[in-house]
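Undergrad: model this:
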Amino acid sequence: MDNVLYLSMSAARELMQAQAVHSNNLANASTGGFKADFAQARAMQVYGDGYAGRVYAATENPATDLSPGSLDQTGRNLDIAIDGKGWLAVMRADGTEAYTRYGSLQVDPGGMLRTSKGDVVMGDGGPIALPPFETVLIGGDGTVTVQPVGQAPNNLVQIDRLKLVAPEPDALVKAADGLFERKDGLAEPPDATVSVVSGMVENSNVNVVNEMTEILAIAREFEIQLRMMQTAEQNDEAASELLRSS
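TA: So this is what the prediction gives:
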């Protein structure tokens, strides 16, 4: 009975962790640039006194789905989408560098170019700060150009180039804030081959149908494990009653 109860209990716990991964994916189905997390089960031996003959399945998050999401056309000059492979470099409030594919940008009152979440957008020369402008344009190579206040439309000034990077997928890991960073903690160098599309943003790559299917399947499996625990309890009570009667 102890073996049955332990295995069903551990299975229920791991199913709850898998459910949390898929639920988080589903909750972010409409979050721009979000990348879905994978969940998988791995066989693990139970070590303790005696021979390690018991095995249970442990849930783990081995990686993130880095495939691109669909693109939405917005028409905003400050909206960009990465064209194919690559990432936009940003700086968090703590000064660390991170990477995102969601390019809904804005300019704060101090002229700093930021993402919609407030992270500072990095350029090849550091954080990008814009002077007072009439219009701002972002070219396909990430070049940021402005028409200064009071200047003619043909009098454009190049400020900087967005820091666009192309790290290897296995070099990145998703952080708790949803941004990506290098596993070794280093900053990725700019990559001139990465290009952007202006006036568009990238959507989440979550497949809603797949996530809903997984959530329902895990819920059924969880109920099975609960019934196994109830059965183990009933068997224990029956055995105790048999001992008392004898």
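
Undergrad: When you work out contacts or count neighbours from here on, use the C-alpha atoms and nothing else.
TA: OK.

Undergrad: Strand partners (parallel or antiparallel) of the helix or strand bottoming out on mean pLDDT in the chain?
TA: None of the helices or strands of the chain scores lower by mean pLDDT, DSSP states H and E than strand 54-60, at a mean of 72. Looking at strand 54-60 with DSSP bridges, its partner strands are strand 40-46 (antiparallel).

Undergrad: Just the mean pLDDT for the partner strand, thanks.
TA: Averaging pLDDT along strand 40-46 gives 75.

Undergrad: on that earlier part again, could you point out the helix or strand that follows the least confident helix or strand of the chain?
TA: The helix or strand immediately downstream of strand 54-60 is strand 71-73, counting by DSSP states H and E.

Undergrad: buried set for that following strand?
TA: Of all the residues in strand 71-73, those buried under the rule 16 or more other C-alpha atoms under 10 Å are Leu71.

Undergrad: Kindly list the longest helix within the chain.
TA: helix 208-245 (DSSP state H).

Undergrad: Relative to Glu134, how far out is Asn154?
TA: Distance, Asn154 to Glu134, by C-alpha to C-alpha, to the nearest Å: 12 Å.

Undergrad: Which neighbours do the two have in common?
TA: Gln147 (C-alpha atoms under 8 Å, 6 or more residues apart in numbering).

Undergrad: Among these two, which residue is more densely surrounded?
TA: Glu134 (13 against 7; other C-alpha atoms under 10 Å).

Undergrad: Surely the more buried one touches Thr145?
TA: No. Between Glu134 and Thr145 there is no contact under C-alpha atoms under 8 Å: 10.9 Å.

Undergrad: How is the residue lying closest to Asn203 once chain neighbours are set aside assigned, secondary-structure-wise?
TA: With C-alpha to C-alpha, 6 or more residues apart in numbering as the criterion, Asn203 has its nearest non-adjacent residue at 4.4 Å, and that residue is Gly32. Of the three states, Gly32 takes coil according to DSSP: H, G, I helix; E, B strand; the rest coil.

Undergrad: Gly32: how many residues sit nearby?
TA: Gly32 has 20 neighbours, counted by other C-alpha under 10 Å.

Undergrad: ok so, going back, tell me the helices and strands packed up against the longest helix of the chain.
TA: helix 2-27 (3 or more C-alpha pairs under 8 Å, 6 or more residues apart in numbering; DSSP states H and E).
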